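Q: Sharing a model prediction with you, sequence too.
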Amino acid sequence: MGSDKKRKHDSEESSQQQHGEISERKRLKMEKKQAKKLAKKEKKLAKKEEKEKKERELYELKKATRNKEKYNNKKSKEGKKEKEEEKREKKEKKAEKREKKEPAASTQEDKPVSNNSSSSGYTQSSKLTNTPQSAIDEFLSTNEVTIEDPQHLNYRPILSFDQIKLDETIASKLTKFAKPTPIQSISWPFLLDGKDVIGVAETGSGKTFAFGVPAINNIITRGSTKDLSVLCISPTRELALQIYDNLQELTANTPISCVAIYGGVSKDDQVRKIRSGANVIVATPGRLVDLINDGAVDLSSINYLVLDEADRMLEKGFEEDIKHIIGSTNGEDRQTLMFTATWPKEVRELANNFMHSPIKLTIGDRDELSANKRITQIVEVLDDKFQKESKLISLLNKYQRNAKDGEENKILVFALYKKEASRIESLLHRNRFKVAAIHGDLSQQQRTQALNSFKSGECNLLLATDVAARGLDIPNVKYVINLTFPLTIEDYVHRIGRTGRAGQTGIAHTLFTEDEKHLSGALCNILRGANQPVPEQLLKFGGHTKKKTHSVYGAFYKDVDMTKTAKKIKFD
């Protein structure tokens, strides 16, 4: 009995001891686990603190960099301002010296005048000298020419190609034309003499050759075929390519090299062409600024600068780019030309800032917006905008499919937005019309290919958004159809201006709906100004246009051109 009790007591002690050991192990395990958790938490916290520290350091670094950039920008702006002021002072001194030295005989004929270092001089031919004044007066009156000449040079307009002396290579390229266009006639004497010129004329008036002929002629006569000397800036890729093609035509069989610079294609190829020895660059502002910032092009040798469609470039928001480009050229010896279809305040300010005593040449009354009178304008008011597509098909059947044998009826259809253009293109394909299209959803290569097929006559129907509404010289467009009315009356005038070019006639057919009724008054004014009938349905929308108001002067404010010099009034 005693032994049994002892064994029982021993086993109880053993089990208690085992239980104590297990509890101790559990406790140690728990402590270990808690220690690990704590270490992990501390590690995580340390990482977080380190990350926050790095972020703070990065923020401070960025802040310091921004402050440094602001400081540098401020300094560079101040430096630029100082340089511009120095340039302006030099210009003014130069102008004063020039005015003192300029002989009173500057208006005499048969004497070359060279008031600008980029000028090759202009000599009035004996044929032009012997032209009766009555013929000159008739030309100026017929073409509604206005010449604002602050330098009182009194150059006569060139009425025929034999009245101007040009390099033989250039002269031979002009033989296919009957005579100079009005803008060419009045601008060539001033441009050949190196003067700054502002040309205000409708699109399709021969402006490319107006600035192109003197530019290429000057390069040849000066023998400066190794330098980059001519820069032409235009608002769109299509217009840049068109100008490039015209200049290529002028420079054929000469050592002069032209390069087109525009977006949507490889920069490397363009840079390679410039560095291989370009004399003339035709560019869009955006891509050219990119190349300037990359250090890929140096414009310091440019002495002949052309701003084509200046009003359009400002409308598209290129003002800062244009100023940057102009600032990169040689301001001392630069001859600056500006061509524009309208003469708003913004364009006047640009001319005041960058041109020296410019001669302003105007064809027609460009202060008031007006349409080409050679264009027959048909405005059809639709009750429902959903009728437009069926109406377009019937118009195309009428104008294109019913054309006489051998008659090439080129038709340009305008849509408002690129999505609309894409939808209408599909509609025309379904109706078995062969159509080319240019709009923002297409690549530059596709747009160029479409434009070329339309120009060559391979395809006689082109669908476009307003990307093609300004500047493009597409020959022999017989009809313009406005499927959707543009956002402004100015764009309407520029759209229909694609037909009736180079002295030809054309037809513009416009579909008008209630959605555009706020433009009905302005459209009525355009129709009346061009002696076109105004539909009664259009008059129902209201025939008045809201007058522009000024915040200070109210509705009777008139935007006056402050660049015009005051006229003296003499009393008897």
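A: Done, it's in.
Q: make it CA atoms for all contacts and neighbour counts henceforth
A: Noted.
Q: Please give me every residue in contact with the most centrally placed residue in the chain.
A: For the chain, Pro235 is the residue whose C-alpha lies nearest the centre (Cα atoms, centre = their mean; 1.3 Å). By Cα atoms under 8 Å, 6 or more residues apart in numbering, the contact list for Pro235 reads Thr284, Pro285, Asp308, Glu309, Ala310, Arg312, Met313, Lys316.
Q: got a pLDDT number for it?
A: For Pro235, the pLDDT comes out at 88.
Q: still on that earlier bit, can you list which of the contacts of Pro235 are found in helices?
A: Of the contacts of Pro235, the ones assigned to helices by DSSP state H are Pro285, Ala310, Arg312, Met313.
Q: Does Asp193 touch Gln124 like I think?
A: No - with contact defined as Cα atoms under 8 Å, Asp193 does not count as touching Gln124 (10.5 Å).
Q: neighbour-wise, which of these two wins?
A: Just comparing Asp193 and Gln124: by other Cα atoms under 10 Å the higher neighbour count belongs to Asp193, 23 against 20.
Q: State the distance from that one to Ser126.
A: From Asp193 across to Ser126, the span is 17 Å (Cα to Cα, to the nearest Å).
Q: again with Asn218
A: From Asn218 to Ser126 the distance is 21 Å (Cα to Cα).
Q: Neighbour count: these two, which is higher?
A: More crowded of Asn218 and Ser126, by other Cα under 10 Å: Asn218, with 25 against 12.
Q: which SS state does that one fall under?
A: Taking DSSP: H, G, I helix; E, B strand; the rest coil as the rule, one finds Asn218 in the helix state.
Q: pLDDT wise, what is it at?
A: For Asn218, pLDDT reads 90.
Q: Could you do the one 3 residues further on as well?
A: In this prediction, Thr221 carries a pLDDT score of 87.
Q: just the one 5 residues further on next, same as before
A: Residue-level confidence at Lys226 comes out at 77, pLDDT.
Q: And the one 5 residues further on, by the same measure?
A: Residue-level confidence at Leu231 comes out at 96, pLDDT.
Q: Specify the beta-bridge partners of it.
A: Per DSSP bridges, the residues bridged to Leu231 are Ile281, Leu305.
Q: Now do it against Ile164, distance only.
A: Leu231 sits at a distance of 24 Å from Ile164 (criterion: Cα to Cα).
Q: Which one's more surrounded, those two?
A: Of the pair Leu231 and Ile164, Leu231 is the one with more neighbours under other Cα under 10 Å, namely 23 against 20.
Q: Can you identify each of the strands in this protein by residue range?
A: Counting by DSSP state E, the chain has these strands, from start to end: 145-148, 197-200, 230-233, 258-261, 280-283, 304-308, 335-340, 359-363, 375-381, 410-414, 436-438, 461-464, 477-482, 506-512.
Q: and Ala296, what is it in contact with?
A: So Ala296 contacts Val271 (Cα under 8 Å, 6+ apart).
Q: what are the ranges of the helices in the stretch 251-400 of the chain?
A: In the stretch 251-400 of the chain, the helices defined using DSSP state H, counting those that start in this stretch lie at 267-275, 285-293, 310-315, 319-327, 345-354, 388-396.
Q: Output those as CSV; include the columns distance to Lys26.
A: Below are the helices of the stretch 251-400 of the chain laid out as CSV (distance: least, Cα to Cα, whole Å):
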stretch, distance to Lys26
helix 267-275, 73
helix 285-293, 72
helix 310-315, 81
helix 319-327, 77
helix 345-354, 86
helix 388-396, 86
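Q: tell me the most buried of those?
A: Across these, the average number of neighbours (mean count of other Cα atoms under 10 Å) peaks for helix 310-315, which reaches a mean of 20.
Q: And for Phe386, the neighbour number?
A: Applying other Cα under 10 Å, we find 10 other residues in the vicinity of Phe386.
Q: what's near enough to touch it?
A: Phe386 touches nothing, counting by Cα under 8 Å, 6+ apart.
Q: What distance do you get for it to Leu416?
A: From Phe386 to Leu416 the distance is 15 Å (Cα to Cα).
Q: and if you look at Arg272?
A: Distance, Arg272 to Leu416, by Cα to Cα: 37 Å.
Q: likewise Val200?
A: In terms of Cα to Cα, Val200 sits 27 Å off from Leu416.
Q: Can I get stretch 234-247 as PDB, trimmed to CA atoms?
A: The C-alpha atoms that make up stretch 234-247 are tabulated as PDB, following Å, rounded to 0.1, in the frame of the first residue of the first chain:
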ATOM      1  CA  SER A 234       3.200  79.100 -92.200                       C
ATOM      2  CA  PRO A 235       0.400  78.000 -89.900                       C
ATOM      3  CA  THR A 236      -0.300  74.400 -91.200                       C
ATOM      4  CA  ARG A 237       1.700  71.500 -92.500                       C
ATOM      5  CA  GLU A 238      -0.300  71.400 -95.800                       C
ATOM      6  CA  LEU A 239       0.400  75.100 -96.500                       C
ATOM      7  CA  ALA A 240       4.100  74.600 -95.600                       C
ATOM      8  CA  LEU A 241       4.300  71.800 -98.100                       C
ATOM      9  CA  GLN A 242       2.500  73.800-100.800                       C
ATOM     10  CA  ILE A 243       4.900  76.800-100.400                       C
ATOM     11  CA  TYR A 244       7.800  74.300-100.400                       C
ATOM     12  CA  ASP A 245       6.600  72.800-103.700                       C
ATOM     13  CA  ASN A 246       6.300  76.300-105.300                       C
ATOM     14  CA  LEU A 247       9.800  77.300-104.200                       C
END
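Q: Fine by me, we can end here.
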